[in-house]
Every structure is written in structure tokens, then in C-alpha cells.
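A.B. asks: fold the following.
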Amino acid sequence: MSHRWSARCSSLCLTAVAVVSLHGCGGRGAPPPRGPAEVGVVTLEPERLTVTEELPGRTSAYLVAEIRPQVNGLIRQRRFTEGADVKAGELLYQIDPAPYQAAVDQAAAALAVAEAGLPALRSRAERLQGLVEIRAVGEQDADDAAAALAQAEANVLAARAALESARINLGYTPIRAPISGRIGRSNVTVGALVSAYQPVPLAVIQQLDPIYVDVTQSSADLLRLQRSVAHTAFAVDETGVRTVRLLLEDGTPYPHEGRLEFRDVTVDPTTGSVTLRMVFPNPDHLLLPGMYVRGVVEEGTSDQAILAPQQGVSRDFKGRPFAWVVNAESKVEQRMLEVDRAIGDRWLVTSGLEAGDRVIVDGLQKARPGDAVTAAPFVPTGAAGR
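C.D. replies: I've put the predicted structure just below:
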């Protein structure tokens, strides 16, 4: 009995000594404090950047002429093919000229009658005026003769004006193209009765080469662009000629470049936008009026643009952008930013970052502001295996 008790006490003592020994060894063998955390950074470098903006819009004809008759009458001929190109001055319709030719003949006859009596009245007025001087006739007779002559001369002038008016109306019976362009469908056929200045045009001619593209830009974007230029963030072309490009409705680029014609001076109160008019060559008539397109406008060029990866830019609770950078002392530092827009997967930074700054894009959870870190160039996951 005493023997077993002694053996148990010895075992407990050895266990206690082992536990104490282990605790003692653990205290003397603790690992050293860890070194600076390693973070992945992207070193910013200035880049040459041309800032563009895509603006929605629609095409419209460069010139539009609605063909309307200027006299009443029956359509005797139609001399064009619908959908074809016509030249300025080309005959389109022929209104029956017979009534207007008759009016010209009648006016010419009236003028001849008025002119026929004029010599006799002039001679009588001159003779009576001579007789008045020798007191052979009364002054009243001479005055009546002079008045009759003046009235006859006025009748001649009126007859000439009537003849000219009749000739003008006769000249309106052939309806000619006022501009060159592509003519649409005809709204009347041969034999139709038309009236002068009717509300419905006979046809419409549209000049399609060149062609207008009207796009809209929000007034907020316009103000932002003006601020950028004012702070010399971007330089615009000194010549004032700004080339623009075009994307078709299916996303394909239009093969010809255009020019920015003007920016409207009025903001549409319903949409808060202004209209920009562009002019594009359209030799193949690929663009038709009313097509939806997107104009690509070059807003300016910067030789020292700073682009920060979006992965390294965060926002605070107020929505203000900021980034964590590794400063010259290899410590984490917060920078408040001003960004202009997204360019691909990067932000165009206008304030807060400079060339040479090292922006943390990976491993930020390992460090706090003010901590010393080890900066290593960031390698994207997709590029690591290549």
C-alpha cells in the first residue's frame, strides 16, 4: 500500500516538473516581432492623354428644300426618278402652261393698246400748250390734255407690270430643283391639281454630302470641361478646328472624320443639355437623315496626365475619393483626391497624386496609416503566370 502511494506521488511530481519546464522553455523561445508588412504598389508616371467624350445624337440633312408650286394648275409631267440625285435647276414637274401663256398674251395686248394711244395724246398736249402761250385756247384745255397724257402713261406702266406678272407666273409652271441633292418620293402624280404654296410639298430634296450630326452634351459636363481648360489640365487646339469622329448605331466607327461646327449658346431647360453641331463628309451616302449615332469629341490633350488604378482608390463615408500611398519614409499615408473621369480601369486624377507616387493596390489590410511597410511592384494575377 505504501509502496503504491509512493509511486503515485513520484509520478505526480515528475509531471509537475515537466509542465514547469515546458512553460519555462516557452517563455525563453518566443518568436521575434514581425517585420514591416509587404504591400503591392503601382508607381504613377505621367502620360500623354487625349480626353474624348461620346455624345449621343442624330444625323440631319445639310440642306433641305421642300418643293411647292407657286401657281395653281394641273401637273402635266414629272421629270425625275424618286430616290435619285438631282442637280440644281433640273426640271422636276411641269404645270400646264396654257392658261398662263394666254395671260401673258392678253397682258401683252393690253400693253400694246395702252402704248398705241400714247403718241396722239402726247402730240395734243404739246400743241395745246403752244396755243396757250399765244392765248389761242384756254389753259383748262391744255391742263385736260396734260392730265390725259399722264393717265395714258400710267396705263402703259400698269400694262407693263401686268405683263411682267403674267410672265413670272408662266415662269413658275416649270418647277425646278432649287438645290442639288437626293429627292424623295413624289406626293402627287401626273394629272393632279395643285395650288400655290400648298401645305403639303410635292417632294423633298435633301443634300446628304456633307451631312450634319447634332449631338447633346449636358451643361454639367460643359462646365467641367471649362474648368479643366481654365486650370490648364488640358490644352485645346489653338487653330480652333476640332476634328471629331463618329460611331454608328451598331458600334462600328464611321470611316471619315468630321469637324465641330459650333456649340449652341442656349441650354435646353427640359433636358439641361446643349447641342453641338458637327459636319461629316458623306460621299457614299452611308449616313441618312434621322440615324442615331454617337459623336466622339476630343475635349483636350494633356502631356502630364496622372492615371491611378481604380483598385487603389477608395471613397470615404461622404463619397470623397482617396488613396493610400507609400511615402518617401516607406510609411503608409492617406491622400484625398480629385478625379475627373474613368479612363478604362483607371481614374484620371486632377489633384492629390503626383508622378512618382506609389499607390497601394494590394495588401492594405496588413498595414495601418503611419505603419512602415515594404513596397513591392504589384503584379496582376493574370500576368503572374506569364
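A.B. asks: where exactly do the helices run in the stretch 1-150 of the chain?
C.D. replies: Using DSSP state H, counting those that start in this stretch, the helices of the stretch 1-150 of the chain run over 2-28, 98-116, 118-133, 139-171.
A.B. asks: pick out the shakiest of those, pLDDT-wise.
C.D. replies: Mean pLDDT values for the helices of the stretch 1-150 of the chain show the minimum at helix 2-28, a mean of 43.
A.B. asks: mind listing what's buried in stretch 55-71?
C.D. replies: 55, 57, 59-62, 65, 67-69, 71 (16 or more other Cβ atoms under 10 Å). In this view, the C-beta of every residue, glycine as well, is placed from N, C-alpha and C.
A.B. asks: then stretch 69-78?
C.D. replies: 69, 71-73, 75, 78.
A.B. asks: identify those among the residues you listed that sit within strands.
C.D. replies: 73, 75, 78 (DSSP state E).
A.B. asks: residues in contact with stretch 95-115?
C.D. replies: By Cβ atoms under 8 Å, 6 or more residues apart in numbering, the list of residues contacting stretch 95-115 from outside reads 69, 71, 73-76, 152, 155-156, 158-160, 162-163, 165-167, 169-170, 172-175, 194.
A.B. asks: looking at this protein, which helix or strand is least sure?
C.D. replies: Using mean pLDDT, DSSP states H and E, helix 2-28 stands out as the lowest-scoring helix or strand of the chain, at a mean of 43.
A.B. asks: any regions of the stretch 251-386 of the chain where pLDDT drops low?
C.D. replies: Applying pLDDT under 70 to the stretch 251-386 of the chain flags residues 381-386.
A.B. asks: go ahead and confirm A125 touches Q151.
C.D. replies: No. Applying Cβ atoms under 8 Å, one finds A125 not in contact with Q151, separated by 11.1 Å.
A.B. asks: neighbour-wise, which of these two wins?
C.D. replies: A125 (19 against 11; other Cβ atoms under 10 Å).
A.B. asks: in contact with that one, which residues?
C.D. replies: 142, 145-146, 148-149.
A.B. asks: which residue packs closest to L307, ignoring adjacent ones?
C.D. replies: R346 (4.2 Å; Cβ to Cβ, 6 or more residues apart in numbering).
A.B. asks: which strand is the longest one in this protein?
C.D. replies: strand 47-67.
A.B. asks: partners of that strand in the sheet?
C.D. replies: strand 203-218 (antiparallel), strand 292-309 (antiparallel) (DSSP bridges).
A.B. asks: any idea of the mean pLDDT in the shortest one?
C.D. replies: The pLDDT scores in strand 203-218 average 93.
A.B. asks: got the CA coordinates for it in CSV?
C.D. replies: Taking Å, rounded to 0.1, in the frame of the first residue of the first chain, the C-alpha atoms of strand 203-218 are listed here in CSV:
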residue,chain,number,x,y,z
ALA,A,203,-41.4,66.3,-103.0
VAL,A,204,-38.4,67.0,-100.7
ILE,A,205,-34.8,67.3,-101.8
GLN,A,206,-32.1,66.7,-99.2
GLN,A,207,-28.4,67.4,-99.6
LEU,A,208,-26.6,64.5,-97.9
ASP,A,209,-22.9,65.2,-98.7
PRO,A,210,-21.8,66.7,-96.4
ILE,A,211,-24.3,65.9,-93.6
TYR,A,212,-24.9,67.4,-90.2
VAL,A,213,-24.7,65.4,-86.9
ASP,A,214,-26.4,67.1,-83.9
VAL,A,215,-25.3,65.7,-80.5
THR,A,216,-26.2,66.8,-77.0
GLN,A,217,-23.9,67.5,-74.1
SER,A,218,-25.0,68.1,-70.5
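A.B. asks: would you mind getting the angle between that strand and strand 73-78?
C.D. replies: 90 degrees (axes from the mean of the first three to the mean of the last three Cα atoms, to 10 degrees).
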